[in-house]
Structure formats: structure tokens, C-alpha cells
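1. Sequence and predicted model, in that order:
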Amino acid sequence: MTAICAAGGLSGSAWAQDIPLQPFAVNHEQRVDSAADARFLLDGPAGKYGFIQAQDGHLYRGDGQRFKCWGVNLTGFSTGSALLLPHQEAREMAAELARLGVNCVRMHFLDLPKTQSQKPAGDLGPDPVPVKQMPAGLIADGDSSRALDPGQLDLLDFLFAELKKNGIYVDFNLNVGRAYRPGDGVPDYDLIGSAKAYTYFGPELVALQKEYAKQLLGHTNPYTKLRYADDPAVAIVEVVNENSLLEFWMRNWLRGERVKGGANLQLDMTPHYQALLVKMYNDWLGKNRSAAELTKLRGMAGVSAGQPVPFMRRGDHVEAPRLRLDAELAFLTQVEIDFHAEMKRFLKDEVGVKSPIVPMADHTYFIANQPLMRTASKSDILDAHVYWQHPAIYGRRNEPMVNSPELSIIQKLARSATAGKPYTLSEVNHPYPSDYGSEMIPILASYAALQDWDGIFFYTYESKLHGKWTPMVTGEFDIALDPVKMAQMPAGAMLFLRGDVSAAKKMLTRSYSTDQVSEASRLPRADMPYYTPGFDMKIPLVHGSRVSCLDCKPTLPAPLLASNPIVSDTGELSWRTDGGKDGLVTVDTPRSQALVGFVSANAQVQTRNLSADIKNRFAAITLSSLDGKPLNLSNRMLLTTTGKVENTGQKWNDRRAMLSNWGTAPTVIEPITGWIQLKDLEGAIGVSATPLDGAARPIGPEIKGRMIEPGWEIAVGTPVTTSYLVRVER
């Protein structure tokens, strides 16, 4: 006997089926202001209330109102895109981001050369990825990297002014990808690439970072008449990107294990920098360790009295005596702390920066973060980067995150949030290709709001040049032409930026002793991402979660009771699975609701105002009030129905983990097909939905809703779309 679901159709197992993919392309050039926009969430011009301030654990505007970033990184890796745009494209892009609800951008890779270099296709793996260029940055051509190109600087100035005008704040990154040249006076400039880790202690490199920061932030923008250091539209300044001396040390031994023939290998540095760091280490030991401890350290290292103590060799960390492990860990931590303290002093006192400063990001969950947090926790803002199944990580990929609640990006990101500090995610994505990329934005926006974090920046948005782009996804990280992610940006802005999802009612904290921090640095990867034995991974899905302190009395929240679904303490978020399959996240708040995951397999699950009876196996469906009223009273709503997205002709390999053929234009989507029910709409006498194209323009006639017993239902799937503007007549 065929089961009947609550919505009146076939049960999920009989009803769900594969839907043919259909062309649906994004076109930002053609988009104009629309009733479906989320621009109303922005209050421009950016900075009108004064400088953003970090206080009491969050970010605030100058008028005392809470401030959150719903943002994107700006880069330009894909052919047809650019980091710094011609004026017309800059004007269009700033307006388009505002329509999407974006109120912050992270200016990334500005310290690259003006002249674009070619980037090998597929440098992140074997996929034939059509990534052909490095972004064109501010550094002028020449014998040194010490001059900024006037033309590029003008493009930045104009773009900044347009962003500011549209209510969009800027996060300036300082040291990201700069490579050094003969005229810079940097030892081994041709051997150290972008000088990750070296930048912390090479005196020439430190001086050049300061010089660049003063050139950029001390520059007066002719379009705003303000120095960047004096402009309140600058929300954040970041000192280094994915760059940590401690991480270099930890990854060095993790990567090496015990390498055959590598008995003399220590840090993978050039002889010049290794000698410099060893000297600094021994000077530090002389001031911070007793004569007896120095004798023991030399014995452990096998060197005689009067000889410098070297760093451990690859693989020695796991079994190293704590005296030696703690000495290296403490020294390298102090180098980082001293560097960032000096950079902050320089930026504040000599350049006059008034914005909060981020020293570094926790950006890899393959190593413990507690040692790095000793440095990061001294900052104005804590920051993190995480990707779901990054394309540089081989093996299992193209899996739905919704089936893995305790391994999701929420877990990986939540590990670094610290009590009393604002917390931002300056890089995050569910990279392409994936059959399940539609799950990212609604899940992340909802749980970030539950955790009461302060900013999200998706990596990345690659602005397109007129006549140079094609309507397809051209890189693993570029969301700009992804029809699913673009449709969901306004919905995510309402979930997170507007605060439709409430912060958790209860905050649970944990703390670490000095011993725990040291031992965490050599725990195996099996303990990732928290490297905290006994920590219940469900906690960040239920309550707020923060680190309260390091090097203090250790504490750990009690484990939660087993539950399925895992329900937030607000009752608004629910995450269920069936033995690691058929996962579904529901969001049920007054102004935004969502069904994300295997909707058909959970056909009985619904929210107060939303349910679905669809043919698709996997979908992300959101319903958002556009007039600020609760959904049951709203007269104008945004409905997004999103699923799979591909390029035309795209081919997966046999494992369905990577692409064997990247495909061509245009992008194609799996239209969500069936019926969406809108329930409990008080006083409604008519409901209609206008399907929107990839420029948010109406396509085809309005779809008239049909009255059913619980409310109204709307047929979706024809015409092909990802978004509908819903109007309610009362």
C-alpha cells in the first residue's frame, strides 16, 4: 500500500527521483533593483555612525548598535574576473553586493603584483580547473616590491568609495601573497616564496610589512578625501593571512613523521633563516631557562656545553620530553606574540589605524589550535577559516555535510570562539564541485547566528569584467556565478545579519591548563578538530560554545544526552539524520524558515509556515519575510528552492570525488519540482509567486497559489528558477 505524506502526495521513498538538469545562468550585469533584494538590511554609507569597535565580546557601531558582517572575499583568479575593477564594473558590483545583503568585503591579495602571472590549471589537484591567472594587485612592476602602482591604487580607491556609498564596509588584509624581489634587500628572496612564517622574525621582512601597511593605510583616497586609517568604512585590518610560525613548526613534524635519511632535518627553512631563528631561540633560552635546564636541553639535543640548542627533528615531537617540547612551544609563541604586539603598536600609534585589528586566523583543523590561540586571544577579534571538503584534500569528497552534524564546518569553526572576544569567519565555503553545495549558506548562517558570531566572509566572490566572462562556474571557490549560492545570499543575510535566528540561551565554556595546551600540540589527527578529549561535539549545535581561558584551571562542559534530532536550546534549529544518512536541518523562526537536506526522505517534517512535497532527493528551501513581519503576517516573502548545480557537460571521475571534465557554459541546475506549502497565513485570500531569473528579474507569469486545508500551495519547477517573490493578498 502506498503511504500518503502529510502534504497529500506520495511518501518520500516513492516520490523522490532525479530531475533533469536545466540551464540557469547568473547575470550580474543585467540585475537592477528588485522587490526581492535584501539591500534594506544595509544602512549606508558605511561608517556613518563612526568606527566599528570591539567591546564586550562583540562588534559595535559608533552609536552603540551591534554590528555584524555578512560578507565576501574579493579576489580575481578566474579568467574574466578581476580583484580591482574598472570604474563601471566597480560601480555595478558594489550595487549588486548590496542587493544581495552583503555589508562587508574582505580585500584579499592586494599585495600581489600589478602584472598578472599565469597560474597552472589544476594546481589544487588533478581536476582540469580553468583557473588561469593570479589576481592583479597593487604592487608596481620593477626591481623591488616596495612601490604601489598608481593606476591600481586608483581602481582600489574608486571601488572603496562605491562600496562605502552602498553601505558596505571593508576588511583590509595586509600580508597575504607578497613575493619579494632583488631590490627588496631580503635574504633568500628567491627561495622563500610568499615568506610564510619567515615574516615573523626576518628583520627585513618585518620592516617591509610595516612600510607596505603605511603606504596603504596612510594613503588618502581622493574619492572619499580620507586616509584609509581615518575612514570609519574600514571595519577591520588583518595583519597576516594563513601565516603562523607555530603552525609551521607543528605541521613540519606532522608532515614529516620520521623521514628516512632525514635525521638532521629540523625546520624546513633556508640556512640563513634557520640560523637566525636558532640564535633567537638560544638567546631566549638564556633569559628564560635555568642553567640546569639548559644543561638538560643540550643533553636531549646531543650537543655539548657552549653549543646552541637546535630545534627538534621531524618526528621527535611526539616522544619529546616536556622540557624540550615546552621550551620550543613557548619560544615560538613569544615570537608570534611579540611580532603582533609590535605590528598593532605600529598600526595604531604610527599609522593611526582606528579599526579593530586581527593578527591571524585559525585556519587548519588538522592541527590543534590551542597553541595558536595564545597569540590570537590577545587580539581585538578572533578569526577562523574552514572549508567543507577542501579540493586540495583528496579521498572522500562530494558528501553531504547534512549527514555529518558532528563533523560539520560548524564544529570546526566553533572551536576557536573565545569568551569576551568578537568572532569572525573570514574564509568559509562549501567548494565546487559538489552535489550538495546548496546546504552551506542556510546551515552556516543559522548556526552562526545561534553561536552569536560577529562576521561571515565567503571565499570568494570574483567580480566579472564586461565581455570577458562566461556564464559558468570557473573555480572551486568562486560563488559569483553559482546560481544556488547567489540565490541564497539574501536569505542568509536575513538569517544572520538581520538576526532572524536567535542566539543560544545558554553559553557553555571550556578552559585549558598549560599542560593541556602543550599536549594538544602533539595529539594525533584522530582528535581533530577540538583536540580536547571528552568534549561533546553536539554542544555547538545546541548551546553557545566558547573557550574561557588558556593556561588556567581546566574545565569541560558535561556531555549532552544523546538525541536525534539535535535541537538548539532556542528550539529554532533542528538537525536530524538516520544513521548517518537522509540528514535534514530545519530552521523555524518567526521571520525565516528552512528545510535543508534530504527533504523527500523526511516528508513528514515541516516548520510552522513551510512544508514541501517535492520530487527531488536533496534540496535547500528557505522562506524569508521581506517586509520584516512574521511570516504568518508578511505580505512579501522570498522563497528560494535550490539543489544541484553543474556546468554543461561536466563529468565526475569514477569515485565521484573530483571532475574529469570541468564542462562549459552555461550552468545548469536541478529545478526543485513539486509543491511548496505556505501554512497559517493569517487572513490570506490569495497567494502568488513570481519566478525570478539569474538577474532577479521576473520570468513568466505569476504562479497562483492554490488553497489547501493547511493554507496555500505553490507549484514549483516550471519555469526553471532558484527564487520566487511571494506576495500575499489579505
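-> Perfect, I can see it now.
2. Do I have it right that L217 meets V237?
-> Yes. Contact criterion Cβ atoms under 8 Å: L217 and V237 qualify, at 7.0 Å. C-betas here are computed from N, CA, C, even on glycine.
3. Now do the shared contacts for those two.
-> 172, 347, 353 (Cβ atoms under 8 Å, 6 or more residues apart in numbering).
4. Could you say which helix or strand holds the first one?
-> Here F172 is covered by strand 169-175, with elements defined by DSSP states H and E.
5. The last one too?
-> Taking DSSP H and E as the definition, one finds V353 inside no helix or strand.
6. what about the closest residue to L112 other than its chain neighbours, how many neighbours?
-> Nearest residue to L112, sequence neighbours excluded (Cβ to Cβ, 6 or more residues apart in numbering): G137, at 3.3 Å. G137 has 26 neighbours, counted by other Cβ atoms under 10 Å.
7. thinking again about what came up before, strand partners of the strand holding F172, parallel vs antiparallel please.
-> Paired neighbours of strand 169-175 in the sheet (DSSP bridges): strand 104-107 (parallel), strand 234-240 (parallel).
8. Any buried residues in the helix or strand just after it, and which?
-> Following strand 169-175 in sequence order, the next helix or strand is helix 203-217 (DSSP H and E). Buried positions in helix 203-217, judged by neighbour count with 16 or more other Cβ atoms under 10 Å: 205-206, 208-210, 212-214, 216-217.
9. Also stretch 702-717?
-> Applying 16+ other Cβ under 10 Å to stretch 702-717 flags 703, 705, 710-714, 716-717 as buried.
10. Please put the alpha-carbon coordinates of it into CSV.
-> What follows is stretch 702-717, C-alpha atoms only, in CSV (Å, rounded to 0.1, in the frame of the first residue of the first chain):
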residue,chain,number,x,y,z
GLU,A,702,2.8,34.8,-11.7
ILE,A,703,2.1,31.4,-10.3
LYS,A,704,-1.2,31.4,-8.5
GLY,A,705,-1.3,29.7,-5.2
ARG,A,706,-3.9,27.0,-4.6
MET,A,707,-5.8,26.9,-1.3
ILE,A,708,-5.4,23.7,0.6
GLU,A,709,-6.5,22.7,4.1
PRO,A,710,-3.4,23.8,6.0
GLY,A,711,-3.0,27.0,3.9
TRP,A,712,-1.7,27.5,0.4
GLU,A,713,0.5,25.6,-2.0
ILE,A,714,2.6,26.8,-4.9
ALA,A,715,3.7,24.6,-7.8
VAL,A,716,7.4,24.9,-8.4
GLY,A,717,9.8,23.7,-11.1
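11. how far out from the middle of the chain is it?
-> Its chain's average C-alpha position is 36 Å from that of stretch 702-717, according to Cα atoms, centre = their mean, to the nearest Å.
12. who's in contact with that stretch?
-> Contacts of stretch 702-717 (Cβ under 8 Å, 6+ apart): 7-8, 19, 609, 611, 613-615, 639, 641, 671-681, 684, 686-691, 724, 726.
13. Touching, D33 and F40? I think so.
-> No. Between D33 and F40 there is no contact under Cβ under 8 Å: 10.8 Å.
14. Tell me the spacing between F496 and L678.
-> 23 Å (Cβ to Cβ, to the nearest Å).
15. From the contacts of stretch 702-717, list the buried ones, please.
-> Of the contacts of stretch 702-717, these count as buried by 16+ other Cβ under 10 Å: 7, 19, 609, 611, 613-615, 639, 641, 671-679, 681, 684, 687-691, 724, 726.
16. So which of those belong to helices?
-> The helices, defined by DSSP state H, take in nothing from these.
17. hang on, the earlier thing: output the strand holding F172 as PDB, nothing but the C-alphas.
-> Output of strand 169-175 as PDB, limited to C-alpha atoms (Å, rounded to 0.1, in the frame of the first residue of the first chain):
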ATOM      1  CA  TYR A 169      32.400  48.100   4.900                       C
ATOM      2  CA  VAL A 170      36.000  46.900   4.100                       C
ATOM      3  CA  ASP A 171      38.300  44.500   5.800                       C
ATOM      4  CA  PHE A 172      41.900  45.200   4.600                       C
ATOM      5  CA  ASN A 173      44.300  42.300   4.500                       C
ATOM      6  CA  LEU A 174      48.000  43.300   4.700                       C
ATOM      7  CA  ASN A 175      50.300  40.400   4.200                       C
END
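18. Where does pLDDT dip in the stretch 351-500 of the chain?
-> For the stretch 351-500 of the chain, applying pLDDT under 70 flags the ranges 394.
19. farthest residue from the center of the chain?
-> Centroid-distance maximum for the chain: A305 at 49.3 Å, with Cα atoms, centre = their mean.
20. which residues sit against stretch 295-310?
-> 266, 278-279, 281-282, 285, 289, 294, 312, 320-321, 323-324, 327.
21. Which of the residues you listed scores worst on pLDDT?
-> Ranked by pLDDT, these bottom out at Q266, which has 53.
22. Buried residues, stretch 496-509. List them.
-> Judged by neighbour count (16+ other Cβ under 10 Å), stretch 496-509 contains these buried residues: 496-502, 504, 507-509.
23. Check those residues and tell me the two furthest apart.
-> R498 and T509 (27.4 Å; Cβ to Cβ).
24. hang on, the earlier thing: the residue farthest from the centre of the chain in helix, strand or coil?
-> coil (DSSP: H, G, I helix; E, B strand; the rest coil).
25. And it, how far from R324?
-> 17 Å.
26. Assign a three-state SS to F311, would you?
-> Judged by three-state DSSP, the three-state class of F311 is coil.
27. who's the residue nearest the centre of the chain bridged to?
-> When Cα atoms, centre = their mean is applied to the chain, the residue found nearest the centroid is V428 (2.0 Å). Here V428 sits in beta bridges with V386, F458, going by DSSP bridges.
28. so it touches G455, yeah?
-> No. Applying Cβ under 8 Å, one finds V428 not in contact with G455, separated by 10.5 Å.
29. Show me what counts as buried in whichever helix in the chain runs longest.
-> The helix that spans the most residues within the chain, counting by DSSP H, is helix 322-345. Applying a neighbour-count criterion of 16+ other Cβ under 10 Å, one finds 324-333, 335-336, 339-340, 343-344 buried in helix 322-345.
30. still on that earlier bit, who are the contact partners of the residue nearest to the centre of the chain?
-> So V428 contacts 385-387, 409, 413, 444, 456-459 (Cβ under 8 Å, 6+ apart).
31. Any chance of a markdown table for those, columns neighbour count and distance to S518?
-> Below are the contacts of V428 laid out as a markdown table (neighbours: other Cβ atoms under 10 Å; distance: Cβ to Cβ, whole Å):
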| residue | neighbour count | distance to S518 |
| --- | --- | --- |
| H385 | 21 | 24 |
| V386 | 25 | 24 |
| Y387 | 21 | 28 |
| I409 | 25 | 28 |
| L413 | 25 | 24 |
| L444 | 27 | 32 |
| I456 | 26 | 32 |
| F457 | 27 | 32 |
| F458 | 25 | 35 |
| Y459 | 21 | 32 |
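32. The residues you listed into JSON lines, with extra columns for distance to P182?
-> Shown next, in JSON lines, are the contacts of V428 (distance: Cβ to Cβ, whole Å):
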{"residue": "H385", "distance to P182": "32"}
{"residue": "V386", "distance to P182": "38"}
{"residue": "Y387", "distance to P182": "36"}
{"residue": "I409", "distance to P182": "42"}
{"residue": "L413", "distance to P182": "41"}
{"residue": "L444", "distance to P182": "44"}
{"residue": "I456", "distance to P182": "41"}
{"residue": "F457", "distance to P182": "35"}
{"residue": "F458", "distance to P182": "38"}
{"residue": "Y459", "distance to P182": "32"}
